[in-house]
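K.L.:
With the input below, show me the fold.
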Amino acid sequence: MLPLKFLPNGGSWALRITLTDQDFNDFSYYGIVDTGSPFLTSPSMAMDRTMPTKYPTTIEQYGESTGGVTWRKASYMGLSSGRQQLLEKRNMVLGIASPEVIQETGGIFVGLIRRDDNRPSFLQQVGYRSLAIDFQSPSILLSNRRLIEPQDPDSLKLFSLQPYGPDLYHYGVECDGLELYWKDERRNDNQDEKRKDQGNGIRKESISKLALKRPLIAVLDTGLTGCIVSDSLQQELEIFKEEEKSPSSLTGVTVRLPTTGGTTVELASLDKYWRVSSFRLPWFYDDEQHPHIIALGSTFWAHTDSLVIDTSTQRAKILQSSNNDP
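P.N.:
Numbering: from 1, shown residues only. All right, here's what the predicted structure looks like:
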């Protein structure tokens with residue numbers, strides 16, 4: 001169990017990392033816990049405190065930002081709770097992000113996707129299979145024990161994206177549907193009122209998975225602030241094409257996720273961290289044969305108590321907060 005630091009500007013949660021070089025000089029920084037990427041990345045100051053590896057520099061994409069990542073090795077990597085060192089790993093492979101990636105996204109992540117086909121992931125190197133993020137404490141539990149039973153009726157079955165593209169191990173759940181909330185540009189009502197009140201200039205559009213030509217997968221991404229919609233979903237729904245449905249008029253989204261027990265978990269975006277973008281995700285073998293993607297960033301996690309992911313049972317579990325105040 002490790003404490004996290006809440007970063008209010010982006011609505012994200014960060015873990016303290018300490019790197020130690022061969023001369024036992026320490027360098028500490030905070031990395032955003034990111035269920036949407038596999039690797040530990042570090043600021044450029046880590047370059048002089050790390051060693052080269054066999055892995056060549058690669059081009060990585062975080063959100064809409066793309067840039068080079070140099071793969072280095074730290075003699076020691078430590079995770080601590082206050083002054084107590086709880087975990088130490090020797091010869092830790094990590095990435096040092098280029099300035100353009102850091103400028104756009106912050107670029108410093110503790111990636112929590114367990115598997116990668118090309119380089120060792122953070123979780124593989126520290127030796128854990130499951131995780132639980134408590135957003136309220138805040139803290140993170142890393143474990144080798146099973147955290148979710150396959151028969152848990154409140155659990156969510158993880159959807160495998162592997163048949164659709166190389167090296168795709170993201171944590172995704174197939175949606176039952178979603179609701180889009182639009183600012184009615186034809187009205188001049190107070191835009192600060194609650195969006196679900198349909199008399200205040202906000203229009204709701206409900207979309208069932210049965211109305212879509214492809215499965216809709218919600219990717220659980222704590223390293224993202226807002227929401228990303230794949231261009232395939234945008235094109236099918238013709239989002240943003242109508243004059244009254246410009247990007248600036250989309251005020252929020254609610255996604256409906258089915259549990260194994262037949263109930264539904266609804267995750268609604270929060271205005272404070274709401275932002276949306278849509279672009280082609282370079283993940284797939286065939287642009288015509290892949291699911292729609294909606295990536296859920298911290299705008300969806302702000303009213304959530306916890307997120308649990310168990311890679312051994314391929315299950316996720318979301319506990320929602322009873323406190324709905326912003």
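K.L.:
C-alpha only now, for contacts and for neighbours.
P.N.:
Fine.
K.L.:
Now do stretch 305-316: distance from first to last residue.
P.N.:
End-to-end distance for stretch 305-316: 14 Å, by Cα to Cα, to the nearest Å.
K.L.:
isn't residue 307 right up against residue 300?
P.N.:
No. Using Cα atoms under 8 Å, residue 307 makes no contact with residue 300, being 11.4 Å away.
K.L.:
who has more neighbours, these two?
P.N.:
residue 300 (28 against 20; other Cα atoms under 10 Å).
K.L.:
Would it be right to say that that one lies in a helix?
P.N.:
Yes. Residue 300 forms part of a helix when assessed by DSSP: H, G, I helix; E, B strand; the rest coil.
K.L.:
Which residue is the nearest non-sequential neighbour of it?
P.N.:
Closest residue in space to residue 300, ignoring its immediate chain neighbours: residue 269 at 4.5 Å, by Cα to Cα, 6 or more residues apart in numbering.
K.L.:
So what's the residue count around that neighbour?
P.N.:
23.
K.L.:
can I assume it is in contact with residue 304?
P.N.:
No. Using Cα under 8 Å, residue 269 is not in contact with residue 304; the gap is 10.7 Å.
K.L.:
For stretch 118-134, give me every contacting residue.
P.N.:
Stretch 118-134 is contacted from outside by 38-40, 55, 89, 92-94, 110-115, 139-147, 305-312, using Cα atoms under 8 Å, 6 or more residues apart in numbering.
K.L.:
try 7 Å this time
P.N.:
38-40, 89, 111-112, 114-115, 139-144, 147, 305-312 (Cα atoms under 7 Å, 6 or more residues apart in numbering).
K.L.:
Can you pull the domain assignment for the chain?
P.N.:
2-143, 156-320 (automatic domain parsing).
K.L.:
want to throw these into TSV with mean pLDDT?
P.N.:
Listed next are the domains of the chain as TSV, based on pLDDT from 0 to 100:
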stretch	mean pLDDT
domain 2-143	90
domain 156-320	88
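K.L.:
ok, which stretches of the stretch 151-300 of the chain are strands?
P.N.:
156-157, 172-174, 177-183, 202-208, 216-220, 227-230, 250-258, 264-268, 276-279, 292-296 (DSSP state E, counting those that start in this stretch).
K.L.:
buried stuff in the fourth one?
P.N.:
Neighbour-count burial for strand 202-208, with 16 or more other Cα atoms under 10 Å as criterion, is recorded at 202-204.
K.L.:
now those in JSON lines, with distance to residue 2?
P.N.:
Rendered in JSON lines, the data for the buried residues of strand 202-208 read as follows (distance: Cα to Cα, whole Å):
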{"residue": "202", "distance to residue 2": "41"}
{"residue": "203", "distance to residue 2": "42"}
{"residue": "204", "distance to residue 2": "40"}
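K.L.:
ok, so of the residues you listed, who is nearest residue 61?
P.N.:
Checking those against residue 61 by Cα to Cα gives residue 204 as the nearest, at 32.2 Å.
K.L.:
Specify the beta-bridge partners of the closest one.
P.N.:
Using DSSP bridges, the beta-bridge partners of residue 204 come out as residue 181.
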